[in-house]
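*Asks:* A structural model of the following input is requested.
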Amino acid sequence: MGFAKGDDQPLDKNEEFGSFEPHKDADYYENLAREDRKKVAACTDPNLSLYLREVAILHEREARKLRREERKGARLEASRRPWAKFR
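*Replies:* Numbers count the residues shown, from 1 in each chain. Sure, this is the predicted structure:
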């Protein structure tokens, strides 16, 4: 493992090799679907446009799934009250 300049702490494996995992949330997948739809509109090949439509649908589904999980998590956090265990 490598070390950061001036530090004695070893770098994480991802930091050491320079890889970066972007945070993929619902907005990310919605933007991907939007870009796929733009490519479909500009495409002249019917097979490629069909494939791009399918990919856009998959991205939209993933975005909806993540939105549901975000809402579910927010509801659970709102329902947890410190006094709930004394009812």
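*Asks:* was I right about D36 contacting E54?
*Replies:* No. The criterion here is C-beta atoms under 8 Å, and D36 misses it with E54 at 9.1 Å. The C-beta positions use only the backbone N, C-alpha and C, and glycine is treated the same way.
*Asks:* Who has more neighbours out of these two?
*Replies:* Higher neighbour count among D36 and E54: D36, with 20 against 11, using other C-beta atoms under 10 Å.
*Asks:* next SSE after the helix or strand of the chain with the lowest mean pLDDT?
*Replies:* Here the helix or strand of the chain ranked lowest by mean pLDDT, DSSP states H and E is helix 13-17, holding a mean of 55. Next helix or strand after helix 13-17 toward the C-terminus (DSSP states H and E): helix 26-42.
*Asks:* just checking, what packs against the next helix or strand after that next one?
*Replies:* Elements were assigned by DSSP H and E; along the chain past helix 26-42, the next helix or strand is helix 46-79. Here helix 46-79 touches helix 26-42, going by 3 or more C-beta pairs under 8 Å, 6 or more residues apart in numbering; DSSP states H and E.
*Asks:* Could you list the buried residues of the helix it packs on?
*Replies:* The neighbour-count check on helix 26-42 (16 or more other C-beta atoms under 10 Å) flags 26, 29-30, 32-33, 36-37, 40 as buried.
*Asks:* wait, which of the residues you listed is closest to R71?
*Replies:* Taking C-beta to C-beta as the measure, A26 is the one of the buried residues of helix 26-42 closest to R71, at 10.2 Å.
*Asks:* Against N47, how distant is that closest one?
*Replies:* Separation of A26 from N47 (C-beta to C-beta, to the nearest Å): 29 Å.
*Asks:* Kindly report the same for L32.
*Replies:* Counting by C-beta to C-beta, the gap from L32 to N47 is 20 Å.
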